[in-house]
Structure formats: structure tokens, C-alpha cells
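**Student:** Sequence first, then the predicted structure:
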Amino acid sequence: MSINPSNTKNPATIGSVTQPIGRRCLVINADDLGFSQQVNHAIDQALARGWISSSTLMANAPCCEEGVAVAQRHRSHASFGIHLNLTEFKPLTKTTELQRSGLLDEGGLFSGSIRELRGRPETMAACFDELDAQIQQVRSMGLEISHFDSHHHIHTIPWMLPVIRRLQKKHGIWRMRTTMNVYGRRLHCKPPLTRILAKKAWSTSCRLRGSRMPQVFTGLDVFLEDPTRKPFQQSTSIELMCHPGQEGYGEDLFLLECCQKLLKESPYRLRTFMNIN
């Protein structure tokens, strides 16, 4: 059953940018808005219930227009970024370089192979043009973009850094998701040391160039394993990622409800991405 936000007590004033930031600013962001009707419905529910404070829209996804309508209903109390996408669905631009580079499959859809590619100048230029078109598409639909993140974290690929930097300069969007830096307790969840160091170098470079990012980024499930872990306790800004309505993330709405119960008696304060400075 769909939730009518007008009949729900608006709990999201806790995400208002006019309120003082709590000791630990917590942003809960739902990825993939626009992906499908099922995803849009689940994110709409989570926003109406005040379980999330932010979401990011996929400009080239099949249900993008419906996703924008969801965002417009909740924009007074939540932030909405753009989920930059070079791995799925059809691109908005038609360039031979996208096809030549291997970014597209034979059907003209993104192949998901971007991490296998090298950042040649022609490929980087094609990626910039496509992502620029995605940003302009969202803005043309009347939605203010609060921040960048990306589908399958493509914005954290090292050779994509100049592309993202150029997009930030052109559009004046400086808030951005950092790379994942807190992992689950299981041993195999944590990347090797070389990867961790590379991720730290990436985030340091972004901050030095003006990006405003949360100190900690991880999954909602990892946070709920133990919210008292040192990285959470020592950070003043945390972003948690979730995927309501997505295949393989069936428990996310349940986890979001659990998280809300935890927040009632915790030092964390649910905020939007506009609180990230």
C-alpha cells in the first residue's frame, strides 16, 4: 500500500538545513531513484516515513521521470543528488567514442565494463559529455542537485577524477560521496592494504580540490552491525548507503526501520547532504 506523505506526520524536519548540526551528522541515502517503479515506490515509502534523508537519481534510467516526481514530493525535507551512471541502461548521448571505447555493448547499452578500461583522453571526454548530459537532464526537470555519487561507484575510479573535477567546476556541485572506508566485520569484506591506501589518496585529493564529503561512508548494514565502532564514534559526518526496492536488498526497509529505533536514543542526528561542509 502506498504511503501518502500528506497523511504522515513529517519527521524529516530533522534533516532541515536550518537546524543546528548534531554532534554526529548522519545522512542515509537511498541509491537508484528512477531505476524502476518498484525502487521508486520503496524510496517514496522510506522518505514518507522519515527513514532516509537523501536519495540519488539516475538520469538515464527507465523510470527517471517518476523518480523526479518522488523527489519533488519530498524536497522540502530531503536532499536529492545525481547517481552518475556509466554502467547500465542506454546513454543520453550518442558518440562513437562511447561505442569504440567498450563502454557500450552491441545493443547500445552500457556494458558495465568501465573498470576494465584505461582512461584515454577520448574516453574521458566521452564520459564527461555523457555525465554532463545526465546532470543537465535532471536540472531541466526542475530538480536541484545536492551532491554527486555514482552507480557502482564509478566516480571513484582513479582516471575518472579529472572528469568529476571538470563536472564539479562546470555545475558548481561540490558535495560528493567519498569512497567506502568502513567495512563489515567479516575478514573478506576488507580490501587489501594497497587498495585502502589508494582509496585514502583518492579522498585526500578530492578534498584538497574542494570536494565536501562525509568523513565516513559505508553501508547501512555495516553500521547496524555495531554503531559504537571507533570510526563512527570519531566522525562528525557519516553517510550510509541503502537500496530500497532493489533486487538483492529485500531487507533494506526493515533495516531502515531498525535504524530509526536506534537513532532515537543515540548521539547521531539524521541530516541531509546539504549539511555536509
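**Tutor:** Cool, got the structure. Owing to the predicted nature of the structure, the values given are computational and were not obtained by experimental measurement.

**Student:** the helices in this protein, which residues?
**Tutor:** 37-48, 64-74, 96-101, 121-140, 161-171, 193-208, 220-225, 230-233, 252-263 (DSSP state H).

**Student:** Just give the number of residues close to residue 128.
**Tutor:** By other C-beta atoms under 10 Å, the residues close to residue 128 number 18. (C-beta placed from N, C-alpha, C; glycine too.)

**Student:** roughly how far apart are it and residue 170?
**Tutor:** 9 Å (C-beta to C-beta, to the nearest Å).

**Student:** ok, back up a step: any chance of the helices of the chain in JSON lines with mean pLDDT and distance to residue 274 as columns?
**Tutor:** What follows is the helices of the chain, written out as JSON lines (pLDDT from 0 to 100; distance: least, C-beta to C-beta, whole Å):
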{"stretch": "helix 37-48", "mean pLDDT": "98", "distance to residue 274": "15"}
{"stretch": "helix 64-74", "mean pLDDT": "98", "distance to residue 274": "14"}
{"stretch": "helix 96-101", "mean pLDDT": "91", "distance to residue 274": "33"}
{"stretch": "helix 121-140", "mean pLDDT": "97", "distance to residue 274": "16"}
{"stretch": "helix 161-171", "mean pLDDT": "98", "distance to residue 274": "16"}
{"stretch": "helix 193-208", "mean pLDDT": "96", "distance to residue 274": "18"}
{"stretch": "helix 220-225", "mean pLDDT": "95", "distance to residue 274": "20"}
{"stretch": "helix 230-233", "mean pLDDT": "94", "distance to residue 274": "21"}
{"stretch": "helix 252-263", "mean pLDDT": "93", "distance to residue 274": "19"}
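
**Student:** contacting residues for residue 221?
**Tutor:** 184, 251, 255 (C-beta atoms under 8 Å, 6 or more residues apart in numbering).

**Student:** ok, so what distance separates it from residue 183?
**Tutor:** Relative to residue 183, and taking C-beta to C-beta, residue 221 is found at 11 Å.

**Student:** Can you give the contact residues for stretch 246-254?
**Tutor:** 31-32, 35, 39, 42, 45-46, 51, 220-221, 242-245.

**Student:** If you count neighbours, what's buried in that stretch?
**Tutor:** Buried residues in stretch 246-254, counted by 16 or more other C-beta atoms under 10 Å: 246, 249, 252, 253.

**Student:** cool, and stretch 199-211?
**Tutor:** Buried residues in stretch 199-211, counted by 16+ other C-beta under 10 Å: 199, 202, 203, 206, 211.

**Student:** Which two among those residues are spaced furthest apart?
**Tutor:** Using C-beta to C-beta, the pair of the buried residues of stretch 199-211 lying farthest apart is 199 and 211, separated by 14.1 Å.
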